[in-house]
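Asks: what follows is a predicted structure for the sequence shown.
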Amino acid sequence: MTAILPMEKASHLKYFFIIFFSIGALLAGSISVLYNLETKDYLLRMEMDEMAGLRLQEETIRKSLAAVASDLMFLTRQNELLDFLAHGDDSRLAAMAREYQALSGHKGIYDQIRFLDHSGMEMVRVNFNNGAPAIVSKEKLQPKGDRYYFKDTFALDAGDIFVSPFDLNIENGKIETPFKPMIRFGTPVFDGQQQKRGIVILNFMGRHLINAVKRAAGLTLGKIMLVNADGYWLSGPVAGDEWGFMMPERSHRKFSADFASAWESISASREIQISDNDGLFSATTIYPLGSGSQSSTGASRSFGKSHRSMGGRDYYWKVISHIPSRVLNAGTRGLLVNLFLLTAALFSLASIPSWLIAQAMVKRKVHQWQLYQSAHFDRLTALPNRALFLDRLDQVLAQSIRYKRRFALLFIDLDGFKSVNDNLGHEAGDAVLMETAGRFAGVVRGSDTVARLGGDEFTILINAVNSPEDAEIVARKIIGTLATPFEFKGNQAKIGASIGISLYPEQGQDRDTLIKQADNAMYQAKQAGKNDFRFSGN
């Protein structure tokens, strides 16, 4: 830009004020037209914001339910459970109980975690116990074969998931107080011969779902409500109106009674937004039974009534946002003042500098993200690099010290990788490394860490193990997954892995010692003939 002389600057200021006040005079004559246009725009933006907020809440709930389903399916693949089903070794039940207890304490969202045999007898049960998970002794385990949730779950096929109604927990024929909202998730368990042997069931504490809805309420102007398929509040603006379907004295207190006209439209649509004399209603539907591999015969019951079966599309909740008419009217009245303020603000802003500042900010953010990726992730495999691996190792070490847990560290060096580069070229070597990273990630849990230290060296951090056998299982899986040849442009490449394993706290109680022990064990595996694993000290 050219420099502005003092005289030119004075002229610019003069013409600026002339133009500014001229435009202001024109705006004053057109304010009523603009007001109407802004009012329509205001209402449209409010509607869009409400729906966007609801969809975010819907996604939050879906992810919460999906996480529960993931935990449930993980428990059906538990090694101790599979061993118990195969051999009937009662000692495995104690190991299962400890796993359940650890999961209960870590997650903090399950009131009970149970395994029931084919007759409905509880074989393992862990109670959350207000944050102090406790294993229920054998003599206190109970038969549940006559309960609806056992019958419905046991009737399912492999991979199917039963989801109970969202209601209040009942103890000894009475609603437990303080209220304890509950949803039960169950799935059948099969042995190695695909014989149905029992069920695993999680009692999910529904208050976590309700609290998530309430926390997200700040994203929208409206009052957020969670309503069941019959129009009763699961979470509403007045606590005394909730759970009316379970309490006769509240049976008349329901959304569908207070807003009958709106409910007629909301209940008939998956997603809808309507305006009437009561204000603006925005609603979306949650289907807890999910889709794909998750299905259920379902069950619905109210206090004192028997349950009835229903399918996945019949079992739903409604997330509803309500903005009363008085709030809408107050907002539109305020637009008149806001219009003048907005007009003044727009004239005071310079579009070009704003655009340049925005460009600079975006560039800076992109640059920061690129620096973060470069500093923490391997560019070829996208796995965590050495720096991020060491950071996660420090975190797992700190948690293990605090909670007195064991974990395992595996150092992996690929056998035969040099010959791939020498015979097939570095492009083939890169392809093998990328596929190796994917294979390694496929044999560990999502909570574990697979990292590439450089070259053909990898590490795996198993953040919780019960015994050395757990680490051995992972090591064998790694060797097994590398047994399949790698294909590259019509050529095959075969590699193996030498693996060193160190365990906390047996082989070390600090980061450097554990790394050194695992590294030494890996070299012992190489010296012993390669494509094998060794524990530190063996």
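Replies: Yep, it's here.

Asks: now the helices for the stretch 201-350 of the chain?
Replies: Assigned by DSSP state H, counting those that start in this stretch, the helices in the stretch 201-350 of the chain fall at 207-216, 255-258, 260-267, 325-348.

Asks: tell me which helix or strand of the chain sits lowest on mean pLDDT?
Replies: The weakest-scoring helix or strand in the chain, judged by mean pLDDT, DSSP states H and E, is helix 351-376 (a mean of 60).

Asks: lowest-confidence stretch among the helices of the stretch 201-350 of the chain?
Replies: In terms of average pLDDT, helix 325-348 trails the rest of the helices of the stretch 201-350 of the chain, at a mean of 67.

Asks: going by secondary structure, residue 42 is in what exactly?
Replies: Taking DSSP states H and E as the criterion, residue 42 maps to helix 6-76.

Asks: now do whichever helix or strand comes after that helix: which elements does it pack against?
Replies: Using DSSP H and E, the helix or strand that directly follows helix 6-76 along the chain is helix 79-87. If you count contacts as 3 or more CB pairs under 8 Å, 6 or more residues apart in numbering; DSSP states H and E, helix 79-87 packs onto helix 91-107. Glycine gets a C-beta too; all of them are placed from N, C-alpha and C.

Asks: now do the helix it packs on: everything it contacts.
Replies: 71, 75, 78, 80-81, 83-84, 110, 113, 115, 123-126, 128, 131, 133-135, 405, 464, 466 (CB atoms under 8 Å, 6 or more residues apart in numbering).

Asks: try it again at 7 Å.
Replies: Helix 91-107 is contacted by residues 71, 78, 80-81, 83-84, 110, 113, 115, 123-124, 126, 128, 133, 135, 466 when judged by CB atoms under 7 Å, 6 or more residues apart in numbering.

Asks: kindly supply the PyMOL command isolating those of those that are buried.
Replies: Per 16 or more other CB atoms under 10 Å, the buried members of the contacts of helix 91-107 correspond to this PyMOL selection:
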select buried, resi 71+78+80+81+84+110+113+115+123+124+126+128+133+135
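
Asks: pick out the most distant pair among the contacts of helix 91-107.
Replies: Using CB to CB, the contacts of helix 91-107 reach their maximum pairwise distance at 83 and 128, which is 25.8 Å.

Asks: run through who's touching stretch 206-216.
Replies: With CB under 7 Å, 6+ apart as the contact definition, stretch 206-216 has outside contacts at 56-57, 60-61, 64, 109, 166, 181-183, 224, 226, 234-235, 319.

Asks: and if we set it to 10 Å?
Replies: With contacts defined as CB atoms under 10 Å, 6 or more residues apart in numbering, stretch 206-216 is touched by 53-54, 56-61, 63-65, 68, 107-111, 166-169, 178-183, 205, 224-226, 234-235, 242, 286, 288, 317, 319.

Asks: list only those of those flagged as buried.
Replies: 53-54, 57-58, 60-61, 65, 68, 107, 109-111, 166-169, 180-183, 205, 224-226, 234-235, 242, 286, 288, 317, 319.

Asks: these in strands, which ones?
Replies: 110-111, 167-168, 181-183, 205, 224-226, 234-235, 286, 317, 319 (DSSP state E).

Asks: tell me the one of those residues nearest residue 153?
Replies: Nearest member of these to residue 153, counting by CB to CB, is residue 183, at 13.1 Å.

Asks: for that closest one, report the pLDDT, please.
Replies: At residue 183, pLDDT is 91.

Asks: what of residue 146?
Replies: 91.

Asks: which residues touch it?
Replies: residue 120.

Asks: now the end-to-end length of stretch 163-183.
Replies: Stretch 163-183 has an end-to-end distance of 7 Å (criterion: CA to CA, to the nearest Å).

Asks: tell me the helices and strands packed up against the helix or strand harbouring residue 407.
Replies: Element membership for residue 407 (DSSP H and E) is strand 406-415. Using 3 or more CB pairs under 10 Å, 6 or more residues apart in numbering; DSSP states H and E, the elements in contact with strand 406-415 are helix 386-403, helix 426-442, strand 449-454, strand 457-465, helix 468-482, strand 496-504, helix 511-527, strand 533-535.

Asks: repeat that for 6 Å
Replies: Strand 406-415 is packed against strand 457-465, strand 496-504, helix 511-527, with contacts defined by 3 or more CB pairs under 6 Å, 6 or more residues apart in numbering; DSSP states H and E.

Asks: what's the angle from the first one to strand 406-415?
Replies: So the one you mean is strand 457-465. 160 degrees (axes from the mean of the first three to the mean of the last three CA atoms, to 10 degrees).

Asks: just the CA atoms of strand 457-465, as CSV, please.
Replies: The C-alpha trace of strand 457-465 is given here as CSV (Å, rounded to 0.1, in the frame of the first residue of the first chain):
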residue,chain,number,x,y,z
GLU,A,457,12.1,-51.2,15.1
PHE,A,458,8.7,-51.1,16.7
THR,A,459,7.4,-51.1,20.2
ILE,A,460,4.1,-52.2,21.7
LEU,A,461,2.9,-50.9,25.1
ILE,A,462,0.2,-53.2,26.7
ASN,A,463,-1.2,-50.9,29.3
ALA,A,464,-2.7,-53.6,31.6
VAL,A,465,-1.8,-57.3,32.0
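
Asks: average pLDDT for that strand, rounded please.
Replies: The pLDDT scores in strand 457-465 average 93.

Asks: what strands line up against it, and which way round?
Replies: strand 406-415 (antiparallel), strand 449-454 (antiparallel) (DSSP bridges).

Asks: distance from the chain centre to it, please.
Replies: 22 Å (CA atoms, centre = their mean, to the nearest Å).

Asks: tilt between it and helix 511-527?
Replies: Using the same axes, to 10 degrees: strand 457-465 against helix 511-527 is 120 degrees.
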